[in-house]
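Chemist: dropping a prediction and its sequence here:
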Amino acid sequence: MDMGANSRVLQSKSKRIKKQHRCLYKCETEANMKKYTLNEIFVSEQGEGFWTGTPAIFIRFAGCNLKCSWCDTNYFASCKITLDEVIRLVRKWKDEYPNVKTIILTGGEPMLQVDETMLQWFKLMKFRVHIETNGTIEISSGLVMSLDWITVSPKIVEYPGSWKQFNGDELKVVYEGQDLRIYEEHLEGFIYKYLQPKSMSNTEETKKAIAFANRTLGQSWSLSLQTQKIKGFK
C-alpha cells in the first residue's frame with residue numbers, strides 16, 4: 001500500500017473513532033440532564049419465570065402507575081440519581097461479579113423511566129438487558145431493539161383494560177382465582193406463559209388452574225414460583 005492510501009485509511013479510522021467518542025459524550029451529557037428514581041441496585045438470582053436461578057444485576061425503579069394490594073416493593077425507600085451514577089454502580093457490581101452478564105430492569109414500573117440512552121449504555125457494557133413490566137405502556141420499537149428479554153405481567157383483574165403491551169418473550173400472570181380465558185386473545189404474542197401463585201399463598205390452586213387450562217382450554221401455562229421467597233434471598 002502506498003503512503004497516500006495508508007494515510008487515507010488512517011484518516012478514515014480516526015474519523016470513526018472521533019464519531020464514536022462524540023456519541024458517547026452526547027450520551028453522558030444527556031444523562032447528566034436527567035435523574036432516575038430508583039429503589040435499589042443489587043446482585044441476586046432471578047427468582048421467577050424462565051430465567052429462574054440466573055444471576056443478574058437488578059435495577060429496581062421506584063414508582064408505578066398501578067397500586068396492587070399485594071405488591072412487595074417499598075416505594076418510600078428511593079433516591080434520584082443520574083445515569084452516570086447508575087453506570088458507576090453497575091460497573092462496581094460487574095467488577096465484583098464478573099460472571100454476571102444480565103441486567104434486569106424491574107420495579108415498580110420501569111417503563112415509566114427507561115429510555116434508549118440507558119439501554120445503549122448497558123449494551124455497550126456487553127450486558128443482556130431484561131425488562132419486567134406490567135404491560136400498561138407499549139414498548140417502542142427503539143427500546144425493543146435494545147432489549148434481549150421482555151416479561152409482561154398484566155394486572156387486568158385489578159385494572160381492566162390496562163394491558164397495552166401484547167407481545168414479548170414471557171407472559172407472567174399472578175393467579176388470584178380468575179378465569180384464564182381473559183388472557184386467551186393475546187397468548188400467541190408470547191413464547192412462554194407462566195402462572196404464579198399470589199404471594200405464594202395459593203400454590204395448589206394455581207397448579208390445578210394450570211392443569212385445567214392446559215387440558216380443557218388448550219392453553220399452555222407453566223408454573224412459576226417466587227423462589228427468592230422460598231430460598232430467602234432478595
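Modeler: Nice, thanks for sending it over.
Chemist: return the residues in contact with the spatially closest residue to residue 62 that is not a sequence neighbour.
Modeler: Distances taken as C-beta to C-beta, 6 or more residues apart in numbering place residue 78 nearest to residue 62, at 3.5 Å, with adjacent residues excluded. From N, CA and C alone the C-beta is placed, and that goes for glycine too. Contacts here follow C-beta atoms under 8 Å, 6 or more residues apart in numbering; on that basis residue 78 touches 37-39, 62-63.
Chemist: and the pLDDT at the spatially closest residue to residue 189 that is not a sequence neighbour?
Modeler: Nearest residue to residue 189 in three dimensions, chain neighbours excluded: residue 167, at 3.6 Å (C-beta to C-beta, 6+ apart). We have a pLDDT of 97 for residue 167.
Chemist: how about the helix or strand harbouring residue 204: buried residues?
Modeler: Remark: residue 204 resides in helix 203-216, with elements defined by DSSP states H and E. By neighbour count, with 16 or more other C-beta atoms under 10 Å as the criterion, the buried positions of helix 203-216 are 206, 209-210, 213-214.
Chemist: stretch 56-70 now?
Modeler: Neighbour-count burial for stretch 56-70, with 16+ other C-beta under 10 Å as criterion, is recorded at 56-64, 68.
Chemist: could you do stretch 131-139 as well?
Modeler: Using 16+ other C-beta under 10 Å as the test for burial, stretch 131-139 gives 131-137, 139.
Chemist: so which of these belong to strands?
Modeler: Taking DSSP state E, the ones among the buried residues of stretch 131-139 that sit in strands are 131-133.
Chemist: got those as TSV, with pLDDT and distance to residue 160 columns?
Modeler: Below are these laid out as TSV (pLDDT from 0 to 100; distance: C-beta to C-beta, whole Å):
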residue	pLDDT	distance to residue 160
131	98	23
132	98	21
133	98	18
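Chemist: out of those, which is nearest to residue 149?
Modeler: Taking C-beta to C-beta as the measure, residue 149 lies nearest residue 131 of these, at 7.3 Å.
Chemist: just checking: what are the partner strands of the longest strand seen in the chain?
Modeler: In terms of residue count, the longest strand belonging to the chain (DSSP E) is strand 35-45. As defined by DSSP bridges, the strand partners of strand 35-45 come to strand 55-61 (antiparallel), strand 79-82 (antiparallel).
Chemist: mind checking which of these is nearest residue 105?
Modeler: With respect to residue 105, and counting by C-beta to C-beta, the nearest of the strands paired with strand 35-45 is strand 55-61 at 5.4 Å.
Chemist: worst mean pLDDT among the strands paired with strand 35-45?
Modeler: strand 79-82 (a mean of 94).
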